[in-house]
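Asker: whatever this is, show me its structure:
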Amino acid sequence: MIQSVKLLTLPAAELREYIYQEVENNPALELKDDDKKVDPAVEIEKLPDRQKTASDSDAYMKYLESLPDDTETLQTHLLNQLAESTLDDEEKALAEKIIQNLDEKGFNIVPFSELFAGSVDDTKINKAVTAVRSLEPAGTACDSIQESLLVQAQLYENAPALAIEILQNHFEFLENPRISAIHTKFPQWNQKDIETALDFIRSLEPYPGRQFSTRKTQYIMPDVYVVKKESDSEELEDHFIVALSKEDLPVPIISPFFKKLQEQNNQNEAQAFVKDYINDAEWFLNSLEYRNNILIKTVKAIIKKQKEFFLGISSSPAPLAMKEIANEIQVHEATISRIANSKYLQCERGLFEIRYFFVTAAIKSDSISISKEAVKQKIKQILSEADQQNKKLSDEKISKILSESGMNISRRTVAKYRSELGIESSYDR
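Answerer: Numbering: from 1, shown residues only. So this is what the prediction gives:
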């Protein structure tokens, strides 16, 4: 039962490894010939691929080249540069200790007072710290964002003096950086200089080590394909093919050799050994089939509930609770939660996490139910149209426009959704 529950939660990439592990542990299991495997979704109807131009290819190559080497850690990157520095051996040893004390963001794990507790020459420590902070990426080996930004600014030859002044003595201005408010408090700073200083600060990196990662790259594989097809049927299900992705998944089967051993009916320890392994193998295969059936049923039920999205009528999913799908396919709500966990659906509109289709209603009443995503898309549309007309709409005004469309959303909620969309306030825009 534990195995069955675990299989429900596994996405395609992890399921692949789990199948290999199970086959290795159970001699009654073996893998079907890979050459005989076909992907039903691809066999029935291949998903259309966008034709890539030469410029697309060049742009993609430039993007790949711009990515940091994910096999190189922050520590390795800094130590390689340190090896070429002009520090003496003692200073390099101190600098290496500083580098090994950095977290994933590039900040100190323990302060220097603890790291160098004892009789160490302060001059050499300061020289080592300065050397590490000036390596690429600049601004590591600091205790806070403020200190890191200040170090980065000081390393620039032409950094605006006002930017350094703000970072050093008026960091609180960056919590809500309004140029007029800063100018009112410090009239000796003109608005143009303040704007230049803030633009410079925005160009700095608050977490210098975050472009490097200690985690392995995770690849997303679609767990299920949804392919739209032409049909004269009035039934919605007849307009879509739902198929599991089996392209990269091994197919486990019970070993024919073990089946023959089972048929010999010898009452001995070897026969008991064979029976136990075959029972385990059958249980595993049944659990795997159950997982696949539940996944297919869940996706079909989602299509039924989110038909406007899959038909291309709506740009975002409608409000939908897991309980509705659980009732539809007659399983426990926890089963739906497990089957939706970290699994992806590929359709004509793109690749989506299955959880994406379970949407909490932002507006809910007896007569209307509108998803949060739909409200956010409407806000984005309103602001886009306003930008084209060179208008700056406040959150209050957006709230009124939404009300006219039947979306009664408060100003505070508008501000929250706007922030989640990464759109600044009307003043900052």
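Asker: how many neighbours does Glu235 have?
Answerer: Residues lying near Glu235 (other Cβ atoms under 10 Å) number 8. (Glycine included, C-beta is placed from N, CA and C.)
Asker: should've said Ser113
Answerer: 7.
Asker: swap in the one 10 residues further on?
Answerer: Taking other Cβ under 10 Å as the criterion, the count of residues near Thr123 is 9.
Asker: and what of the one 3 residues further on?
Answerer: Burial measure for Asn126: 13 neighbouring residues, criterion other Cβ under 10 Å.
Asker: list of residues touching the strand or helix carrying it?
Answerer: For Asn126, the host element (DSSP states H and E) is helix 122-133. For helix 122-133, contacts defined as Cβ atoms under 8 Å, 6 or more residues apart in numbering pick out 78, 82, 85, 87, 90-92, 94-95, 98-99, 112, 116, 139-142, 151, 155.
Asker: show the buried residues in those residues.
Answerer: Listed as buried from these are 78, 82, 87, 91-92, 94-95, 98-99, 112, 116, 139-142, 151; burial here means 16 or more other Cβ atoms under 10 Å.
Asker: which one in the residues you listed is the model shakiest on?
Answerer: Scanning those for pLDDT, the smallest score is found at Phe116, 84.
Asker: tell me who's in contact with it.
Answerer: Contacts of Phe116 (Cβ under 8 Å, 6+ apart): 94, 97, 125.
Asker: tell me which of those is nearest to Asn286?
Answerer: Comparing the contacts of Phe116 against Asn286 with Cβ to Cβ places Lys97 closest, at 55.8 Å.
Asker: for Tyr356, see how far away the closest one is.
Answerer: 46 Å (Cβ to Cβ, to the nearest Å).
Asker: swap in Gly106?
Answerer: On the measure of Cβ to Cβ, Gly106 and Tyr356 end up 33 Å apart.
Asker: these two: which is more packed in?
Answerer: The neighbour comparison of Gly106 against Tyr356 (other Cβ under 10 Å) goes to Gly106, with 25 against 17.
Asker: that one reaches Leu74, doesn't it?
Answerer: Yes - proximity of Gly106 to Leu74 meets the contact threshold set by Cβ atoms under 8 Å, at 6.3 Å.
Asker: now the common contact residues for these two.
Answerer: 140, 209.
Asker: returning to that earlier point: which one of the contacts of Phe116 is nearest to Ser231?
Answerer: Lys97 (68.3 Å).
Asker: which stretch of helix or strand covers that closest one?
Answerer: Going by DSSP H and E, Lys97 is in helix 89-100.
Asker: many thanks, I have nothing further to ask.
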